[in-house]
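Asker: The following comprises the amino acid sequence and a computationally predicted model.
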Amino acid sequence: MLVACQPGDGQRDGSGVFRVTGASPPDSPWANQWRRFGEQLAARDDHGLQPEFYVRGQLGDPDQTIHSLRRGRIQLGGFPLSAAAALVPEVAVLHAPFLFESEEEVDYLLIHHLQEPLQALFHAQGVTVVQWTEAGWNHLFADRPLRHPSDLEGFPMRAQAGAGSRALLGTVGADVKPLPFSEFVSALQTGLVRGGEATTVMYLASGLADEARYLTRTFHAYDAGVILANSQWWESLGSDRQQALRDALGPPERLRAEVASESERLLAEARAAGRVEVHDLDAAEVEAWRRYGEPMRQRMANLIGGDAREILQILEEGRSGFRVADAGD
């Protein structure tokens with residue numbers, strides 16, 4: 001339900017009305033999460049919270065709305081890391097190429113090593129991390145197979161907004177083209193670029209696969225996102241209302257399972273229809289890519305600046321701890 005209101009309406013009179021923003025495609029796992037969120041809150045009458053949903057980009061793209069959230073014109077929203085990095089550049093370290101090897105490793109590092117330092121950086125910008133979310137693994141795709149780092153030398157590739165994408169493509173010598181996503185399909189059609197990187201859902205659902213049918217599943221970066229709240233609003237709610245919102249969002253594991261299921265469904269349909277050709281790296285190809293991992297990550301930290309080197313160091317140390325803990329299991 002969409003309700004017209006002026007910025008900040010519902011906050012001055014204490015009615016419990018608040019604005020929720022996002023950019024979720026209809027019927028996607030993220031749209032379904034917001035639908036359940038509204039249903040869960042509506043089913044309870046003990047908190048008085050009334051969300052107004054603008055989760056299909058009605059208030060602008062995430063790069064715009066995250067600044068409205070900071071100013072208090074929006075109270076809650078879901079954002080990709082590329083948008084969150086506009087407030088906290090260091091968060092882009094989570095897109096460091098070939099840093100993570102599993103979803104379990106991502107969870108371990110976020111909970112045990114990054115929660116406090118990243119929350120502090122966000123809070124300094126007037127926003128609070130409510131929940132980490134995700135879009136799945138990033139892969140490479142193009143109009144020809146890309147199996148080895150040498151295949152990208154001089155090859156025109158569109159870079160995502162984050163430093164991790166530029167580090168990945170720049171380190172292997174690609175001809176890096178930083179373009180807005182809205183221009184990506186047309187750039188493929190004209191030959192300005194011949195490939196890029198994306199999650200499986202984004203690659204298949206946005207028309208990219210129809211212009212560049214060769215998908216190489218590199219699993220080179222885990223595309224996390226974050227649900228943020230305006231800190232002043234969040235702190236005014238009290239612990240009971242805060243918990244009601246967290247409960248309504250549901251466990252992150254449910255969204256992960258839905259993203260994975262949607263990825264596999266879309267990929268199976270595309271392969272059956274002959275729309276895409278998928279290449280999974282063999283052991284030698286994986287090793288060739290991973291040899292570039294550390295140079296890519298250092299390049300990325302240099303691009304970001306700020307506390308990025310310190311955050312990357314925390315991650316590297318945490319990886320060692322995870323492997324020890326995982327080996328013990």
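Answerer: Yep, that arrived. Just so it is clear, the model here is predicted, and its values are computed rather than measured. Numbers count the residues shown, from 1 in each chain.
Asker: Looking at strand pairing, list the partners for the nearest residue to Ala221 once chain neighbours are set aside.
Answerer: Leaving out its chain neighbours, the residue that sits closest to Ala221 by CB to CB, 6 or more residues apart in numbering is Asn138, at 4.4 Å. Yep, even glycine has a C-beta here, placed from its N, CA and C like the rest. Applying DSSP bridges to Asn138 yields these beta-bridge partners: Thr199, Ala221.
Asker: what's the neighbour count on Asn138?
Answerer: For Asn138, the neighbour count with other CB atoms under 10 Å is 25.
Asker: Phi first, then psi, for Arg44.
Answerer: In terms of degrees, to the nearest 10, the main-chain angles of Arg44 are phi -110, psi 140.
Asker: same check, this time on Phe141
Answerer: The phi/psi pair for Phe141 (degrees, to the nearest 10) is phi -150, psi 160.
Asker: OK, contacts around it?
Answerer: 195-198, 203, 208-209, 212-216 (CB atoms under 8 Å, 6 or more residues apart in numbering).
Asker: What helix or strand is Glu316 located in?
Answerer: helix 308-328 (DSSP states H and E).
Asker: Quick check: buried residues in that helix?
Answerer: Counting neighbours by 16 or more other CB atoms under 10 Å, one finds that the buried residues in helix 308-328 are 308, 311-312, 314-315, 318-319, 322.
Asker: just stretch 216-233 next, same as before
Answerer: So stretch 216-233, judged by 16+ other CB under 10 Å, has buried residues 216-231, 233.
Asker: Looking at those residues, which are in strands?
Answerer: Under the assignment DSSP state E, the buried residues of stretch 216-233 contribute 216-230 to strands.
Asker: Lowest-confidence entry in the residues you listed?
Answerer: Within the set of these, pLDDT is lowest for Ala224 (84).
Asker: Check the spacing between that residue and Met157 real quick.
Answerer: Separation of Ala224 from Met157 (CB to CB, to the nearest Å): 22 Å.
Asker: cool, and Ala83?
Answerer: From Ala83 across to Met157, the span is 22 Å (CB to CB).
Asker: Repeat that for Gly164.
Answerer: To Met157, Gly164 is 14 Å away according to CB to CB.
Asker: Pick out whichever of those two has more residues nearby.
Answerer: A direct count of neighbours by other CB under 10 Å for Gly164 and Met157 places Gly164 higher, at 31 against 23.
Asker: Next up, the contacts around that one.
Answerer: The contact partners of Gly164, by CB under 8 Å, 6+ apart, come to 92-93, 95-97, 221, 296, 300.
Asker: about what we covered before: can you tell me what sits against the helix holding Glu316?
Answerer: So helix 308-328 is in contact with 89-90, 92-93, 96, 99, 104-105, 108-109, 112-114, 117-118, 297-298, 300-302, going by CB under 8 Å, 6+ apart.
Asker: sorry, back to before: how much space between the residue nearest to Ala221 and Leu237?
Answerer: Computed with CB to CB, the distance linking Asn138 and Leu237 is 35 Å.
Asker: for Asp27, same thing?
Answerer: Distance from Asp27 to Leu237, by CB to CB: 30 Å.
Asker: Which one's more surrounded, those two?
Answerer: Leu237 (18 against 9).
Asker: Model confidence score at that one, please.
Answerer: 95.
Asker: Backbone torsions only: list them for Pro97.
Answerer: phi -60, psi 130.
Asker: what about it, how many neighbours?
Answerer: Look at Pro97: counted by other CB under 10 Å, it has 27 neighbours.
Asker: I'd guessed it sits against Gln298; true?
Answerer: No. Using CB atoms under 8 Å, Pro97 is not in contact with Gln298; the gap is 10.8 Å.
Asker: Would you state the strands of the protein in chain order?
Answerer: If DSSP E is used as the criterion, the strands of the chain fall at 17-21, 50-54, 76-80, 127-142, 156-159, 175-178, 195-199, 214-230, 277-280.
Asker: what's the fifth one in contact with?
Answerer: Residues lying outside strand 156-159 but in contact with it, judged by CB under 8 Å, 6+ apart, are 142, 165-166, 169, 174-179, 184, 187, 191-197.
Asker: do the last one as well
Answerer: For strand 277-280, the surrounding residues in contact (CB under 8 Å, 6+ apart) are 145, 147, 213-217, 267, 271.
Asker: Restrict that strand to CA atoms and write it as CSV.
Answerer: Provided in CSV are the C-alpha atoms of strand 277-280 (Å, rounded to 0.1, in the frame of the first residue of the first chain):
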residue,chain,number,x,y,z
GLU,A,277,26.1,-21.1,-21.7
VAL,A,278,27.6,-21.7,-18.3
HIS,A,279,31.2,-22.5,-17.5
ASP,A,280,32.2,-23.7,-14.0
